[in-house]
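Student: what's the 3D shape of this:
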Amino acid sequence: MSWINSVMARSFGRKPKAATNPQPNLVFAAPPTPREGAPVKRQTDSAFPRFQSMAGDQLSPRLNDRFASARIKLRSAFTPSQPITDRRMFAGRLDVLTTLIRSIEDQRVHVIMYGERGIGKTSLVHVLTQAAEEARYIVVYCSCGAGSTFDEIFRAVAADIPLLFHSGFAPTTNEAERGGTLADLLPATTLTPRLVADLFAKLTGTRVLVVLDEFDVCDSPEFRRNIAELIKNLSDRSIRTQLVIAGVAADLTELVEHIPSIRRNIFALQVPKMSATEVNHLVENGEELSGLTYDKSATDFIVFVANGSPYFASLLSHHSGLAAIDKGRTNVTVEDVSQAVDQALTEFRGRISKHSLVQIDQAAKSGVRHVLGVMAGAAIFNNGRFDDRDVDALYPSVANASSFKATLEDLAAKHVLLEAHDDEFGRGYRFAEEAVLPYLWILAAQQRFLENRKAGAPADRPVVPTTDKAPAADKPAEKATSAAIVTPRAAGRP
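Tutor: Numbering: from 1, shown residues only. Purely as a prediction, here's the structure:
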């Protein structure tokens, strides 16, 4: 029986035979009773787990030492679960930020940012809005929800714009002095793009940025059409209000309904992955804010596994810093990063369904998990997609490449980890479960980095398979002599 059929049988088919001598359920087994007269080990209060700092982010009186202080600083230096709000932690992408500012300020266009999860869109939005606020723009930030409506969003926007800036009200009028807003002028009827544009046309003495983050979360076609219509109205009338839209998408049309007439009114930016230099800068920023020092080899490890993802870089920097502090050190080593990777893998594994976990473990036994990990690295920055060209880059041997492509088709046909689909780019594959991608990639990258380090190879040597079999032919795969590309190609990719 092939490993694929074995997985299918375990997942969907036959039930395992009952054991003839079943073992006791240790989870519910009572703890052993201490023998009479034996000393009982007591749990001392000092050893009981406690929070390391107070709710106001002050040091706990019991832990007033430099390690407790470093721990508090580290939490602010690396925030993998939250976007960057402190400009000091904004690493790299200064050219991107400059381009966005020039588009808003000089070209007077509306901005749409899109890209993969964890690529740093929201952090970029926060830093952009800080720069706009410094220039005295009125910035209104809205995070869209699944049920967001045009009426709800723009009533909230109007409530944040002082009536003082409406051309029909002088600064000394009673309404302006009482702190009135544009919301006071809105009718009770449902708002339309034309009505909102008419209201914003009365603005004077300032400029307004309306930021719509998490735009992809709202599935309403009507909401998206209304936003596109508003963009057209604002642009055609040179109104002093501009939109900044950010969301997860593979391309522009996934975020905004297709209206050709607004193309000249927008600047669309696919947020790129970070370069190795930028990830290095991210770690250096964290060193400065936390007071920790990351060994060069530790930083190289983080850069290699992060693969351009600011989320991965921040997560590993955070966990490895805590690992060093727990050991009473302020310098972070490769061993600390390896521990951080293990912790991250545990977190990612916990987000994967049991069905996929069984298939991943079977893939490891059959020798294809590492190659699937490299494919996951390519898919992370390609909207979850990879295709035969990624396989060709991985396997220079035509025979082995053909063998692995056949295995991919077999996996997809049996719905084992992968799904095949045809689109305008040709035949492609996606992992059936999104949570599988980061897990497989980090697992493969960690293995490769440690192998490179043990062999004395360069730290940035590409992730390529060295021990995997070409499964369909059941022959060893030829070692790749060309770099396995784990980033999207410049053209011809979704």
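Student: what's the average pLDDT for stretch 283-290?
Tutor: Averaged across stretch 283-290, pLDDT comes to 90.
Student: I meant to write stretch 124-140 there.
Tutor: For stretch 124-140, the mean confidence score works out to 91.
Student: So what touches it?
Tutor: Applying Cβ atoms under 8 Å, 6 or more residues apart in numbering, the contact partners of stretch 124-140 are 83-85, 87, 90, 93, 96-97, 100-101, 104-105, 113, 141, 156-157, 160-162, 165, 206-211, 213, 244, 246, 271. Just so you know, the C-beta spots here come from the backbone N, C-alpha and C atoms, and that holds for glycine as well.
Student: Just the buried subset of these, written out for ChimeraX, thanks.
Tutor: Selection of buried members from the contacts of stretch 124-140 for ChimeraX, criterion 16 or more other Cβ atoms under 10 Å:
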select :83,84,90,93,96,97,100,104,113,157,160,161,165,207,208,209,210,211,213,244,246,271
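Student: Select from the contacts of stretch 124-140 every entry located in helices.
Tutor: Counted as lying in helices by DSSP state H, out of the contacts of stretch 124-140, are 96-97, 100-101, 104-105, 156-157.
Student: Relative to Pro438, which of the residues you listed is nearest.
Tutor: Val96 (23.2 Å; Cβ to Cβ).
Student: part of a helix, is Gln107?
Tutor: No: assessed with DSSP: H, G, I helix; E, B strand; the rest coil, Gln107 is coil; it does not lie in a helix.
Student: quick one: it and Asn265 touch, right?
Tutor: No: in this structure Gln107 lies outside contact range of Asn265 using Cβ atoms under 8 Å: 9.6 Å.
Student: Run through the stretch 101-250 of the chain and note the low-pLDDT ranges.
Tutor: 170-172, 175-177, 250 (pLDDT under 70).
Student: Show me where it has its helices.
Tutor: 121-134, 150-159, 174-177, 193-200, 221-236 (DSSP state H, counting those that start in this stretch).
Student: and the residue lying closest to Ile153 once chain neighbours are set aside, what does it touch?
Tutor: Counting by Cβ to Cβ, 6 or more residues apart in numbering, Ile153 lies nearest to Cys142, which is 5.5 Å off, once chain neighbours are set aside. Residues near Cys142 by Cβ under 8 Å, 6+ apart: 153, 156-157, 210-213.
Student: can you list these in JSON lines and add distance to Glu134?
Tutor: JSON lines is the format used below for the contacts of Cys142 (distance: Cβ to Cβ, whole Å):
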{"residue": "Ile153", "distance to Glu134": "25"}
{"residue": "Ala156", "distance to Glu134": "23"}
{"residue": "Val157", "distance to Glu134": "21"}
{"residue": "Val210", "distance to Glu134": "18"}
{"residue": "Val211", "distance to Glu134": "15"}
{"residue": "Leu212", "distance to Glu134": "21"}
{"residue": "Asp213", "distance to Glu134": "20"}
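Student: Tell me which of Gln107 and Asn265 has more neighbours.
Tutor: Asn265 (19 against 13; other Cβ atoms under 10 Å).
Student: Surely that one is in contact with Lys232?
Tutor: Yes: in this structure, Asn265 is within contact of Lys232 by Cβ under 8 Å, at 6.7 Å.
Student: what number of residues lie near Ile152?
Tutor: In this structure residue 152 is Glu, not Ile. Neighbours around Glu152, by other Cβ under 10 Å: 15.
Student: Just the strands from the stretch 151-300 of the chain, written as ranges.
Tutor: Applying DSSP state E, counting those that start in this stretch to the stretch 151-300 of the chain gives strands spanning 208-213, 241-248, 266-270, 293-294.
Student: Columns distance to Ala420 on top of those, output as TSV?
Tutor: Putting the strands of the stretch 151-300 of the chain into TSV (distance: least, Cβ to Cβ, whole Å) gives the following:
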stretch	distance to Ala420
strand 208-213	33
strand 241-248	23
strand 266-270	25
strand 293-294	41
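Student: Spit out the contact partners of the closest residue to Asn265 other than its chain neighbours.
Tutor: Using Cβ to Cβ, 6+ apart and skipping residues adjacent in sequence, the residue nearest Asn265 is Ser235, 3.8 Å away. Neighbouring residues of Ser235 by Cβ under 8 Å, 6+ apart: 109-110, 262, 265.
Student: which of the residues you listed tops the neighbour count?
Tutor: Result: His110 is most packed of those (other Cβ under 10 Å), 27 neighbours.
Student: Is it in contact with Thr241, as I believe?
Tutor: No: between His110 and Thr241 there is no contact under Cβ under 8 Å: 9.4 Å.
Student: for the longest helix seen in the chain, packing partners?
Tutor: Once the chain is assigned using DSSP H, the helix that runs over the most residues is helix 436-455. Where contact means 3 or more Cβ pairs under 8 Å, 6 or more residues apart in numbering; DSSP states H and E, helix 436-455 is packed against helix 296-306, helix 334-349, helix 354-366, helix 369-380.
Student: Can I get those in CSV including mean pLDDT and distance to Lys73?
Tutor: Below are the helices and strands packed on helix 436-455 laid out as CSV (pLDDT from 0 to 100; distance: least, Cβ to Cβ, whole Å):
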stretch, mean pLDDT, distance to Lys73
helix 296-306, 94, 18
helix 334-349, 95, 17
helix 354-366, 91, 36
helix 369-380, 86, 30
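Student: right, so of these, which gets closest to Gly456?
Tutor: helix 296-306 (12.2 Å).
Student: For the closest one, give me every contacting residue.
Tutor: By Cβ under 8 Å, 6+ apart, helix 296-306 touches 274, 276, 279-280, 283, 294, 312-313, 316-317, 320, 332-334, 336-338, 341, 442, 445-446, 448-449, 453, 459-460.
Student: mind running it again at 7 Å?
Tutor: 276, 279-280, 283, 312-313, 316-317, 320, 332-334, 336-337, 341, 442, 445-446, 449, 459-460 (Cβ atoms under 7 Å, 6 or more residues apart in numbering).
Student: how far is it from where the chain is centred?
Tutor: Counting by Cα atoms, centre = their mean, to the nearest Å, helix 296-306 is centred 18 Å from the centre of its parent chain.
Student: Make 423 the starting number, not 1.
Tutor: I'll keep to 423 as the first residue from here, and by that count the last item is helix 718-728.
Student: Could I get the buried residue list for it?
Tutor: 719-728.
Student: residue contacts, the closest residue in space to Lys495 that isn't next to it in sequence?
Tutor: Nearest non-adjacent residue to Lys495, counting by Cβ to Cβ, 6+ apart: Ser712, 4.5 Å away. Ser712 is in contact with 492, 495-496, 499, 743, counting by Cβ under 7 Å, 6+ apart.
Student: List only those of these flagged as buried.
Tutor: 492, 496, 499, 743.
Student: Give the full set of residues in contact with the spatially closest residue to Asp809 that is not a sequence neighbour.
Tutor: In this structure, Asp809 finds its nearest non-sequential neighbour in Gly850, 4.3 Å apart by Cβ to Cβ, 6+ apart. By Cβ under 7 Å, 6+ apart, the contact set of Gly850 is 807-809, 843.
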